[in-house]
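In: Prediction below, plus the sequence it came from.
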Amino acid sequence: MSWQDLQWQESMRIRVNINGMMSEQMGEWGLTKEELLALPLESAAQGMIDKRDQMKWRELPYNQDEIVADILATAAEIQARFENFVVLGIGGSALGPIAVHQALRHLHYNDLPAEKRGGPRLYIEDNVDPERMAALLDVIDVEKTMFNVITKSGSTSETMSQLLIITDILRGKLGQDISSHIIATTDKEKGNLIKIARREGWKTFYVPDGVGGRFSQLCPVGLLAAAVCGIDIRDMLAGAAYMDKLSAEPDIFKNPAYLLAAVQVAAMEKGCNIHVLMPYADSLRFFSDWYAQLWAESLGKQWDNDGNLIHAGQTPVKALGVTDQHSQVQLYTEGPFDKVVTFLGVERYRVTTPIPDGYLDIPDVSFLCGHTQNELIAAEQRATEYAIAKSGHLINTITLPEVNAFTVGQLLYLFEVMTAFAGELLNLNAFDQPGVEEGKNATYALLGKPGFDEKRAELESAPPDLDRYIV
Ligand code: PA5
């Protein structure tokens, strides 16, 4: 069976269950159908149609045949020549590749011997912690490493600092021509990286216009690293296309992405300003990081589209089932009614791990014998859903039949459409991030970037910290 088989596709459909959000199950704490229908659903659905042309990420499942062929050919060359593949990038240039790799490759991928890995080791350097760069350089041989520098804007300081360090080291080892060790992924025209890449003759992939960083996993930003590590990127794009069809339906009760957005927005209106995403699978744990950026940066906005001050947004929280049952769930059951917990479940894990017989004379231990860890994690998810819902806190569940490239493509696309639709419901621009700029500009000023003298003066004239509040 494969993604080309329609029956198989249907069997791999992601399901969304919002019963734990609704008053029929949750009583006074739940949302009523009327509350959902009172949202500006029609105008939001119309907005999604009218703005589809601007949301170029929605076309990625369909318009990349040539690019995918290039990526696959490039990936095959990298697999044959290199021991390591390093992504230099941050935010949307890193979180998607991390999430997809964790979901679809062995959980200890880098520790496997080469023949079992099926691709080079993968490192994604989404920070500028000096210890992290030093640690990377301790474990890779740069001469056996391909670097993929990714920045949509082509000017992000963190990524540029990584690039400067790596190009300097490469030149020290290889001489001036380092083009066989660097691939640039960036905007076709704008920014500094494209200038550098052209001047240096580096292989380049483009981030298409209208595809922002956090919506870029399904373009070369995410596809190259995935293909290099042996992930079937065509399956992933097919999964996204499948979810695109499901999310074309204007009726929220037939559209999983719209439904999730609608219940979140309605819950926000009732004071649920926190959204916990809790996958019950280690393979999906970094989806929470990717999703946190998507949801926070897209919806955390001061102004709406009409210039009204709104200070909108819901704080995303990352959790992992069952691990965080022993850390956060106490708060979710007994704490304030300010959050929604979304469970991300898996019907069939890729392995079955039986729990063998032992200590049969101790019933409190031996009740586990004869079961599997699969049954245990499923029971714990169900029990936690039950416990949190019973306490009156709102929950919903997204279930993947399996974690594979097709379902991961669906999940990425589901969250992207959900976020865009929530932006429409809230009448805000989900595709910019003006709040990030202030910090970026202040960093430029502190490090002496030309053109930021005024910002530097502003920073220097800020009131100093008072000694009495420093202990
Ligand atoms: O979603 C976004 O646009 C941002 O979070 C970016 O991904 C992040 O700031 C990195 O930007 P760039 O890809 O331009 O280096």
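Out: The structure has been received and is ready for your questions.
In: Tally up the residues packed near the residue in the chain that the ligand sits nearest to, please.
Out: Using C-beta to the nearest ligand atom, residue 213 is the residue of the chain that sits closest to the ligand, at 2.1 Å. C-beta coordinates here come from the backbone N, C-alpha and C atoms, glycine included. Neighbourhood size, residue 213 [other C-beta atoms under 10 Å]: 25.
In: The nearest residue to it once chain neighbours are set aside: what's it in contact with?
Out: Closest residue to residue 213 apart from its sequence neighbours, by C-beta to C-beta, 6 or more residues apart in numbering: residue 92 at 2.6 Å. Listed by C-beta atoms under 8 Å, 6 or more residues apart in numbering, the contact set of residue 92 reads 152, 212-217, 221, 293.
In: elements contacting the host helix or strand of residue 225?
Out: Taking DSSP states H and E as the definition, one finds residue 225 inside helix 220-228. For helix 220-228, the contact count by 3 or more C-beta pairs under 8 Å, 6 or more residues apart in numbering; DSSP states H and E identifies helix 65-81, strand 84-88, helix 95-104, strand 121-125, strand 145-151, strand 182-186, strand 203-206, helix 233-246 as packing neighbours.
In: tell me which helix or strand of this structure sits lowest on mean pLDDT?
Out: None of the helices or strands of the chain scores lower by mean pLDDT, DSSP states H and E than helix 434-446, at a mean of 89.
In: And the helices and strands packed on helix 220-228: which comes nearest residue 353?
Out: With C-beta to C-beta, the closest approach to residue 353 among those belongs to helix 95-104: 18.7 Å.
In: Run through the neighbouring helices and strands of the closest one.
Out: Using 3+ C-beta pairs under 8 Å, 6+ apart, helix 95-104 is in contact with strand 121-125, helix 220-228, helix 287-299, helix 405-425.
In: And the helix or strand following it, what's buried?
Out: Next helix or strand after helix 95-104 toward the C-terminus (DSSP H and E): helix 114-117. By 16 or more other C-beta atoms under 10 Å, the buried positions in helix 114-117 come out as residue 117.
In: Now find how far off-centre helix 114-117 is within its chain.
Out: 26 Å (C-alpha atoms, centre = their mean, to the nearest Å).
In: List the residues that contact residue 349.
Out: Per C-beta under 8 Å, 6+ apart, neighbours of residue 349: 281, 374, 377, 403.
In: Recalculate using a threshold of 6 Å.
Out: When contacts are counted by C-beta atoms under 6 Å, 6 or more residues apart in numbering, residue 349 is found next to residue 374.
In: Tell me the spacing between the residue of the chain closest to the ligand and residue 91.
Out: 5 Å (C-beta to C-beta, to the nearest Å).
In: for residue 202, same thing?
Out: Taking C-beta to C-beta, one finds residue 202 at 22 Å from residue 91.
In: and what of residue 256?
Out: 26 Å.
In: higher neighbour count, these two?
Out: Under the neighbour definition other C-beta under 10 Å, residue 256 and residue 91 were set side by side, and residue 256 has more, 24 against 21.
In: That one reaches residue 18, doesn't it?
Out: No - taking C-beta atoms under 6 Å as the definition, residue 256 is not a contact partner of residue 18, at 9.5 Å.
In: Could you dump the contacts of residue 92 into CSV and include pLDDT?
Out: Below are the contacts of residue 92 laid out as CSV (pLDDT from 0 to 100):
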residue, pLDDT
152, 96
212, 95
213, 96
214, 97
215, 98
216, 98
217, 98
221, 98
293, 98
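In: among those residues, who's most crowded?
Out: Comparing the contacts of residue 92 on neighbour count, residue 217 comes out first with 32 neighbours (neighbours: other C-beta under 10 Å).
In: element containing residue 278, please.
Out: With DSSP H and E as the test, residue 278 turns up in strand 274-279.
In: quick check: mean pLDDT across that strand?
Out: For strand 274-279, the mean pLDDT works out to 98.
In: Measure how it sits relative to helix 95-104, angle-wise.
Out: Here strand 274-279 runs at an angle of 40 degrees relative to helix 95-104 (axes from the mean of the first three to the mean of the last three C-alpha atoms, to 10 degrees).
In: What distance do you get for the residue nearest the centre of the chain to residue 158?
Out: Nearest to the geometric centre of the chain sits residue 290, at 2.1 Å (C-alpha atoms, centre = their mean). Residue 290 sits 17 Å away from residue 158, going by C-beta to C-beta.
In: what do you get for residue 360?
Out: Residue 360 is 56 Å from residue 158, by C-beta to C-beta.
In: okay, the two: which has more neighbours?
Out: residue 158 (20 against 9).
In: so the more buried one is in which element?
Out: helix 157-174.
In: quick one: residue 264 is in a helix?
Out: Yes - assignment of residue 264 by DSSP: H, G, I helix; E, B strand; the rest coil places it within a helix.
In: Share the number of residues neighbouring it, please.
Out: If we define neighbours as other C-beta under 10 Å, then residue 264 has 26 of them.
In: Enumerate the residues of the protein near the ligand.
Out: 90-93, 151-153, 156, 159, 212-214, 297, 433 (C-beta under 6 Å from any ligand atom).
In: rewinding a little: mind listing what's buried in the helix holding residue 158?
Out: Buried residues in helix 157-174 (16+ other C-beta under 10 Å): 158-160, 162-163, 165-167, 170.
In: again with stretch 448-456
Out: Taking 16+ other C-beta under 10 Å as the criterion, stretch 448-456 shows 449, 452, 455-456 as buried.
In: Looking at these, which are in strands?
Out: Nothing among the buried residues of stretch 448-456 maps onto strands, per DSSP state E.
In: Next one, pLDDT for the residue sitting furthest away from the middle of the chain please.
Out: Distance from the C-alpha centroid of the chain, by C-alpha atoms, centre = their mean, peaks at residue 361 (46.4 Å). Listed pLDDT for residue 361 reads 96.
In: One more: the one 3 residues further on?
Out: If you check residue 364, the pLDDT there is 96.
In: Now render the helices and strands packed on helix 220-228 as CSV, adding mean neighbour count.
Out: CSV is the format used below for the helices and strands packed on helix 220-228 (neighbours: other C-beta atoms under 10 Å):
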stretch, mean neighbour count
helix 65-81, 15
strand 84-88, 25
helix 95-104, 26
strand 121-125, 21
strand 145-151, 27
strand 182-186, 26
strand 203-206, 18
helix 233-246, 22
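In: Could you point out which of these sits nearest residue 196?
Out: strand 182-186 (7.4 Å).
In: mind listing what the closest one pairs with, with the direction of each?
Out: Partners of strand 182-186 in the sheet, by DSSP bridges, are strand 145-151 (parallel), strand 203-206 (parallel).
In: Make CSV out of the ones you listed and add mean pLDDT.
Out: CSV is the format used below for these (pLDDT from 0 to 100):
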stretch, mean pLDDT
strand 145-151, 98
strand 203-206, 98
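In: Could you give the number of residues near the closest residue to residue 407 other than its chain neighbours?
Out: Sequence neighbours aside, residue 400 is the residue nearest to residue 407 in space, at 4.6 Å (criterion: C-beta to C-beta, 6+ apart). Residue 400 is flanked by 25 other residues according to other C-beta under 10 Å.
In: Now do the buried residues in stretch 15-34.
Out: 16-18, 20-22, 26, 29-31.
In: Filter these down to the ones in strands?
Out: 16-17.
In: between the buried residues of stretch 15-34, which is closest to residue 410?
Out: residue 16 (11.0 Å).
In: how far away is that closest one from residue 400?
Out: Taking C-beta to C-beta, one finds residue 16 at 11 Å from residue 400.
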